[in-house]
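Asks: Here is my input, please return the structure:
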Amino acid sequence: MPTSYDYASHDGAQVSTWVAADGDPVISGIAQGNAGLRIRFSRAGAFVLKADKVTVQSLANLADVDRRILARHRAGKWERDWVLVSEVARGGPAITVVSGSSDGEAFVDLGVTAAAVGQPLAAAGAGIALGNRRGLAGYFVSLAETPLLWRGRTVRDPWWSSKTWMSERGDPTHEESPVDGPGPHVVEIEHLEDIPTGER
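Replies: Below you'll find the model as predicted:
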């Protein structure tokens with residue numbers, strides 16, 4: 001069942017509704033009379049993700065897939081830096097904005113009038129566009145369905161242990177996770193400095 005993603009970094013991003021009146025298009029880059037979003041950041045690395053009609057596809061029998069990969073790794077047929085993509089989220093329209101500074105800002109023109117504020121992004125159709133912006137590290141706007149997020153698993157084969165195991169890519173703990181143990185979990189990483197160097 002399709003769903004919507006609506007996420008803003010809780011300690012670094014603020015999203016508010018903006019309706020462009022006389023003179024506002026100069027400031028916002030949003031066409032006069034159109035509704036939009038104003039995104040303000042208070043730190044670098046904070047981000048906003050909005051997407052509609054999101055579906056998630058995941059590999060079935062992940063424990064069995066893990067066992068097969070570990071067997072191939074022991075046989076020298078799976079490199080330790082390879083990543084198994086175990087889950088992909090696709091959707092659209094979608095907007096992603098990432099701050100590159102402590103005072104980044106962006107306006108998003110939703111291409112609809114104020115009466116449509118609060119409607120899903122899909123209601124904006126081809127009208128979504130990024131308006132004026134500053135201090136961004138990156139941004140992405142897609143009107144069509146596109147891959148949004150993915151989850152991957154890697155082989156953990158530390159030099160201090162004779163055991164190997166599969167774990168989520170980016171898992172900061174790198175703790176042993178038995179194949180038959182609990183399923184994957186999600187850890188929100190709010191600061192780039194929190195991401196292990198090898199995972200960036």
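
Asks: how about low-confidence regions in the protein?
Replies: 22-23, 114-126, 170-200 (pLDDT under 70).

Asks: which residues touch the residue most central in space within the chain?
Replies: Nearest to the mean C-alpha position of the chain, counting by Cα atoms, centre = their mean, stands Leu149 at 5.2 Å. Applying Cβ atoms under 8 Å, 6 or more residues apart in numbering, we find Leu149 in contact with 88-89. The way it works is simple: take the backbone N, C-alpha and C, and place the C-beta from them, glycine included.

Asks: Which helix or strand contains it?
Replies: Leu149 belongs to strand 146-156 when assigned by DSSP states H and E.

Asks: circling back: beta partners for the residue nearest to the centre of the chain?
Replies: Ala89 (DSSP bridges).

Asks: got the angle for the longest helix seen in the chain vs strand 146-156?
Replies: Taking DSSP state H as the criterion, the chain has its longest helix at helix 62-74. Angle, helix 62-74 to strand 146-156, by axes from the mean of the first three to the mean of the last three Cα atoms, to 10 degrees: 50 degrees.

Asks: sorry, back to before: so the residue nearest to the centre of the chain versus Gly91, what's the distance?
Replies: Distance of Leu149 to Gly91, computed by Cβ to Cβ, to the nearest Å: 9 Å.

Asks: Now the common contact residues for those two.
Replies: Contacts common to Leu149 and Gly91, judged by Cβ under 8 Å, 6+ apart, are absent.

Asks: Quick check: phi and psi on Ala144?
Replies: Torsion angles at Ala144 (phi, psi; degrees, to the nearest 10) stand at phi -100, psi 170.

Asks: OK, contacts around it?
Replies: Contacts of Ala144 by Cβ under 8 Å, 6+ apart are 92-93.

Asks: Hmm, Arg169 is touching Arg153, no?
Replies: Yes - Arg169 is in contact with Arg153 according to Cβ atoms under 8 Å; the separation is 6.3 Å.

Asks: Which one's more surrounded, the two?
Replies: More crowded of Arg169 and Arg153, by other Cβ atoms under 10 Å: Arg153, with 23 against 16.

Asks: So which residues of this protein form strands?
Replies: For the chain, the strands defined by DSSP state E occupy 3-8, 13-19, 34-41, 47-58, 84-91, 94-99, 105-113, 129-134, 136-142, 146-156, 165-168.

Asks: ok, the longest one: who's next to it in the sheet?
Replies: For strand 47-58, the pairing partners within the sheet under DSSP bridges are strand 3-8 (antiparallel), strand 84-91 (antiparallel), strand 94-99 (antiparallel).
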